[in-house]
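Student: Predicted model, plus sequence, below.
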Amino acid sequence: MMVPPRCMSSLATAAYSEDAPDKVALISLKNHITYDPFGVMSSWNDSVHFCNWTGVRCSRRHKERVTALNLTDHQLVGTIPASIGNLSFLQYLYLANIGFRGQIPPEVGRLYRLKYLNLSYNAIEGEIPINLTSCSELRGIDLTSNKLTGKILVEPKTMLIKLTSFLVPDNNLTGNFPEWLGNLSSLPVVAISDNHLQGTIPNAIGKMSRLEFLKISGNNFSGTIPPSVYNLTSLSILDVGNNRLHGEIQPDIGFTLPNLEGLYVGRNSFTGKIPVSLPNATGLVELDFAVNSFSGTLPLNLGNLERLRRLVFSTNKLTNLKDDGFSFITSLTNCSGLQLLDIGRNQFEGELPPSVSNFSSELGWLLLGSNQISGKIPNGIESLKDGMFKDGMTLQEYARIALHGRVEEIIEPSLLQEAQAHRSHGEVVESSRAHFHGEYVESSRATTSKIDCLIALLRLGVLCSMESPNERMKMKDVVTELSEIRAKFLG
C-alpha cells in the first residue's frame, strides 16, 4: 500500500520528535558547558540524531531514550543542570575528569534506572544529595577527588543493596564513618580516604562479608581497629594509614585475613609486635607499618612472601637480637621482587650481614638510616639495582640518566608515599579495568601529576649541579623555571 507523502512526514516526526524529552535534557546540558577545547559539543546539532551525538548511547528497545552518557576526559568545563534528572532511562552517567563545577543537582535522585555514576576528578562542591539513595539500581558511585563537603549520606532513603563500589576519597567530607555501609553485606569496594572524617571505626563493618578493598586512610579516625574487621576473610586491601588509631594489630591477622595483598597501617599510634602470622597471607605484595610505636623484632619468616615488593617499617622502636643480628635481612633476600626495604629510624644495631649483596637487582631502595648500624659496608652491595654506581659513576650522572624513564629510582619514597599508595592499590585491584563497564577504578592521575612535578624539579637540580660551572644553569633562569613549575603544578 502506498503511503501519502504527508503521512510519511508525520511518521518521521513521530519517530524522531524534535521535542523528545531526552534531547531537550541534553541540549540543556550543552547550554551549561562554558568551555569545550576539543569541540565535543559541535557534534550535538540537528544534522545528527541526538542518539548519535558524541558520548550518547540510546536504548534499542525504547527509541530516543538515552541509556548512557559518557563525556569523560574531554576537558569540558561547566555545571550539571537539574534537567539531567529528566533522562529517566539513564543507566550510565560518566562525567569524570572534565572540570565540572557547581553542585550535584538533587534531581539526580530521579534517575531510578541509574546503575553507575562517575563524577570523579572534577571541582564539584556542596553535599552529596541524599536523593541519590533513591536510585536503588546503583552499582557504582565514584565521586573521587572533588570539593564535596558535609556528611556522607547520613540518613539514606533506601539501602543501596546492589552497590559494588563506593568511592568518595580526596574530598572535604566530614562526620563519622557512614554506618549504613555496614548493612551492605555484598559491597566489595569502599574508599573514603583523604577527607576530614572522625570518630571510631564501627564494629558493624564486620557485617560486610564480601568486602575486598577498604581504604579509610588520611582521616582523623581514632580508637582501635574493631575485632570484626579481622573476620573479613575476603579483604585483599586494608588501608587505615594516617589516622589517630592505636592499640595492637591482631597477632593472627595472617590467618584471619589470608587473602591480604596490601596492608597499610602507617602513620598512626599502634604499639605491640609485628605479627609473626603475616607470611600466612602468602599473596602479600606491600606492607607499610611506618611511623608508629611498634617494638620487638621483625619476623624472620617475612622472607617467605614471594610476591613482596614494598616493605616499610621506618620510624618505630624495632630492634634486633644480638644472636640473630640481621637474620631477617638474610631472609628477605629470598623475595626476588622486592623493590623497597625501609627500616630506617629504629633501634637496629650491629654490622650488616654479607647477605645484603644477595638482594635481587629489583631492589631500588634500601633505607637503613638513623639506626645504630656499625662496621663496614658489605662487599658486593654496589651490584644492587643493576650496579648503579659501577665504573665510577657519580650520583649526578646516575640522576641524569634516571630522568629518562627511571625517575622513581632516584626519588626518596617518602616524597611519593601517598602517590605510591594510590598507584599500588590500583595495581592490586586491577584498577585499569573500565569503569564504563561497571567495574571500579582507582585512578593514578594524582600520582602522575606528582611525579611529573618532581621530575621537573629533579631536572632543574641536575642542570644546577653540572661538574663544570660553565654548564650550570644561571640563577635567573632557575628562578624563571621554578616560577613556571609552580604555575603549572600548583596553579
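Tutor: That came through, no problem. Owing to the predicted nature of the structure, the values given are computational and were not obtained by experimental measurement.
Student: which of the residues in stretch 162-169 are buried?
Tutor: 163-169 (16 or more other C-beta atoms under 10 Å). Glycine gets a C-beta too; all of them are placed from N, C-alpha and C.
Student: gap between the two ends of that stretch?
Tutor: Using C-alpha to C-alpha, to the nearest Å, one end of stretch 162-169 lies 20 Å from the other.
Student: For it, what is the distance to the chain centroid?
Tutor: Here stretch 162-169 is found 13 Å from its chain centre; the criterion is C-alpha atoms, centre = their mean, to the nearest Å.
Student: Point out where the stretch 251-400 of the chain drops to low pLDDT.
Tutor: Low-confidence segments of the stretch 251-400 of the chain, defined by pLDDT under 70, span residues 382-400.
Student: Next step: the buried residues of stretch 162-169 restricted to strands.
Tutor: Filtering the buried residues of stretch 162-169 for membership in strands, criterion DSSP state E, returns 165-167.
Student: could these be laid out in CSV, adding distance to Leu340 and pLDDT?
Tutor: Conversion of these to CSV gives the following (distance: C-beta to C-beta, whole Å; pLDDT from 0 to 100):
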residue, distance to Leu340, pLDDT
Ser165, 28, 96
Phe166, 30, 97
Leu167, 26, 97
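Student: how close does the residue nearest to Pro202 when sequence neighbours are not counted sit to Phe255?
Tutor: The shortest distance from Pro202 to any residue other than its chain neighbours is 5.0 Å, reached at Glu179 (C-beta to C-beta, 6 or more residues apart in numbering). Glu179 sits 28 Å away from Phe255 when distances are taken as C-beta to C-beta, to the nearest Å.
Student: and the closest residue to Tyr116 other than its chain neighbours, what are its bridge partners?
Tutor: With sequence-adjacent residues excluded and distances taken as C-beta to C-beta, 6+ apart, Tyr116 is closest to Gly140, at 4.4 Å. Under DSSP bridges, the beta-bridge partners of Gly140 are Tyr116, Ser165.
Student: Gly140 touches Thr164, doesn't it?
Tutor: Yes. With contacts counted by C-beta atoms under 8 Å, Gly140 reaches Thr164, the gap being 6.0 Å.
Student: and Leu187, how many residues sit next to it?
Tutor: By the other C-beta atoms under 10 Å criterion, the neighbourhood of Leu187 contains 22 residues.
Student: Repeat that for Arg244.
Tutor: Residues contacting Arg244 under the criterion other C-beta under 10 Å number 13.
Student: Tell me the confidence at the nearest residue to it once chain neighbours are set aside?
Tutor: With C-beta to C-beta, 6+ apart as the measure, Ser222 is the residue that lies nearest to Arg244, at 4.4 Å, once sequence neighbours are left out. Predicted confidence (pLDDT) at Ser222: the value is 98.
Student: where does Ser222 fall, phi/psi-wise?
Tutor: Note on Ser222: its backbone torsions stand at phi -130, psi -180 [degrees, to the nearest 10].
Student: can you check Asn259 too?
Tutor: When read as degrees, to the nearest 10, the backbone of Asn259 gives phi -100, psi 10.
Student: quick one: it and Leu235 touch, right?
Tutor: Yes. Taking contacts as C-beta under 8 Å, Asn259 lies within contact range of Leu235: 6.4 Å.
Student: Between the two, which contacts overlap?
Tutor: The contact sets of Asn259 and Leu235 overlap at Glu212 (C-beta atoms under 8 Å, 6 or more residues apart in numbering).
Student: on that earlier part again, quick one: the ones in strands among the buried residues of stretch 162-169 as a markdown table, columns for distance to Pro202 too.
Tutor: Compiled in a markdown table, these are given as follows (distance: C-beta to C-beta, whole Å):
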| residue | distance to Pro202 |
| --- | --- |
| Ser165 | 20 |
| Phe166 | 15 |
| Leu167 | 19 |
